[in-house]
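K.L.:
Generate coordinates for the sequence data below:
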Amino acid sequence: MIMAFDERSRQIRKTIIKIMECSKRGHLGSAFSLVEILRVLYDDILKYDVRNLKLPDRDRFILSKGHGCLALYAILADKGFFPEPELWKFCQPDSFLGGHPEHRIPGVEISTGSLGHGLPIGVGMALNARYEKSPYRTFVVIGDGEANEGSIWEAALCAGKHRLSNLIVIMDYNKYQSYGSTAEVLDLEPLADKWRSFNFAVQEVDGHDVQALKAVFSGLPLNADKPTAVICHTMKGKGVRFAEGNMDWHHKSGLTGDDIKQLLRAVEDY
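P.N.:
Okay, the predicted model is just below:
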């Protein structure tokens, strides 16, 4: 079923397209599948203070699938972590906004983009919170293609062993990676059972249903004695019908003015 967007979901996508208009490039498909996940986290779930970025008990957020950064940048600017005009300098020599998130960006905890690294670091953060008796939680968004990396499952073993209930792994399960479907490249199924076998509590949800995401994320942890894995079923390129599930839109460069107009019109009509 095609779910109509509300104005907030539509506007975030328009911001992403505007960033791409300035840079003439970007990972559209990977960013669009993340929009509702990040929107709900930053609007309703994460504890943070843009006036005190080093708040000791802030929740930690890691976008391990760093190539989806355009969605994160749009949200961070919207929330006031940095001024909106910085978005229009994406990938320019005088910008701190590159093709993957870096820790120098206000609101970004760690540099990511080398796939498989975010979750191991998140496990370390969650262990640190336990040792310091701090209430903060660590949220890590990973991609399904990223789950081809062995470091993801090494980190999962560690999290399960230590029963890190303050760790939440969110998988953007859009079923595609850079050069094909996840089923063709390296099938992850049975995915929920895999996470359960690593001693995670698991919930599956429509990753574009804002209310369903709020309901799941508001009830975390799923189990007080286990880490949580939330499998978000999403669509790569969600919101632009000709880009949905289309590997040509995994990354685009050399975008023209006509391309941008077509993208904006598609989002508006969705």
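
K.L.:
Every contact and neighbour count from this point should use C-alpha atoms.
P.N.:
OK.

K.L.:
Parallel or antiparallel, list what pairs with the worst-scoring helix or strand of the chain on mean pLDDT.
P.N.:
Ranked by mean pLDDT, DSSP states H and E, the weakest helix or strand in the chain is strand 252-253, scoring a mean of 90. Counting by DSSP bridges, the strands paired with strand 252-253 are strand 25-26 (antiparallel).

K.L.:
Quick one: mean pLDDT over the strand it pairs with.
P.N.:
Averaging the model's pLDDT scores along strand 25-26 yields 94.

K.L.:
which strands and helices sit next to the helix or strand just after that strand?
P.N.:
Using DSSP states H and E, the next helix or strand after strand 25-26 towards the C-terminus is helix 28-32. The contact analysis (3 or more C-alpha pairs under 8 Å, 6 or more residues apart in numbering; DSSP states H and E) places helix 28-32 against helix 7-23, helix 69-79.

K.L.:
For this protein, just list every one of the helices.
P.N.:
7-23, 28-32, 35-40, 69-79, 118-132, 150-161, 182-186, 191-197, 210-218, 257-269 (DSSP state H).

K.L.:
Need the ones you listed in TSV (columns: mean neighbour count).
P.N.:
Converted to TSV, the helices of the chain look like this (neighbours: other C-alpha atoms under 10 Å):
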stretch	mean neighbour count
helix 7-23	19
helix 28-32	28
helix 35-40	23
helix 69-79	23
helix 118-132	19
helix 150-161	18
helix 182-186	15
helix 191-197	15
helix 210-218	16
helix 257-269	15
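
K.L.:
okay if I get these as JSON lines plus distance to residue 239?
P.N.:
Output for those, formatted as JSON lines (distance: least, C-alpha to C-alpha, whole Å):
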{"stretch": "helix 7-23", "distance to residue 239": "8"}
{"stretch": "helix 28-32", "distance to residue 239": "7"}
{"stretch": "helix 35-40", "distance to residue 239": "10"}
{"stretch": "helix 69-79", "distance to residue 239": "13"}
{"stretch": "helix 118-132", "distance to residue 239": "27"}
{"stretch": "helix 150-161", "distance to residue 239": "29"}
{"stretch": "helix 182-186", "distance to residue 239": "21"}
{"stretch": "helix 191-197", "distance to residue 239": "25"}
{"stretch": "helix 210-218", "distance to residue 239": "14"}
{"stretch": "helix 257-269", "distance to residue 239": "6"}
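
K.L.:
pLDDT weak spots in this structure?
P.N.:
By pLDDT under 70, the weakly predicted segments of the chain are 1-4.

K.L.:
For residue 57, list the residues it contacts.
P.N.:
By C-alpha atoms under 8 Å, 6 or more residues apart in numbering, the contact set of residue 57 is 134, 135, 136.

K.L.:
List only those of these flagged as buried.
P.N.:
residue 136 (16 or more other C-alpha atoms under 10 Å).

K.L.:
Show me which of the contacts of residue 57 is closest to residue 157.
P.N.:
For those, the closest approach to residue 157 (C-alpha to C-alpha) belongs to residue 136, at 21.3 Å.

K.L.:
of the helices of the chain, which approaches residue 108 most closely?
P.N.:
With C-alpha to C-alpha, the closest approach to residue 108 among the helices of the chain belongs to helix 69-79: 9.0 Å.

K.L.:
what does that closest one contact?
P.N.:
12-13, 15-16, 19, 26-28, 31-32, 34-35, 38-39, 42, 50, 63, 82-84, 87, 97, 99-101, 107.

K.L.:
do that again at 7 Å, thanks
P.N.:
12, 15-16, 31-32, 34-35, 38-39, 82-84, 100-101, 107 (C-alpha atoms under 7 Å, 6 or more residues apart in numbering).

K.L.:
Return the distance of that helix from the chain's centre.
P.N.:
Remark: helix 69-79 is offset 11 Å from the chain centroid, using C-alpha atoms, centre = their mean, to the nearest Å.
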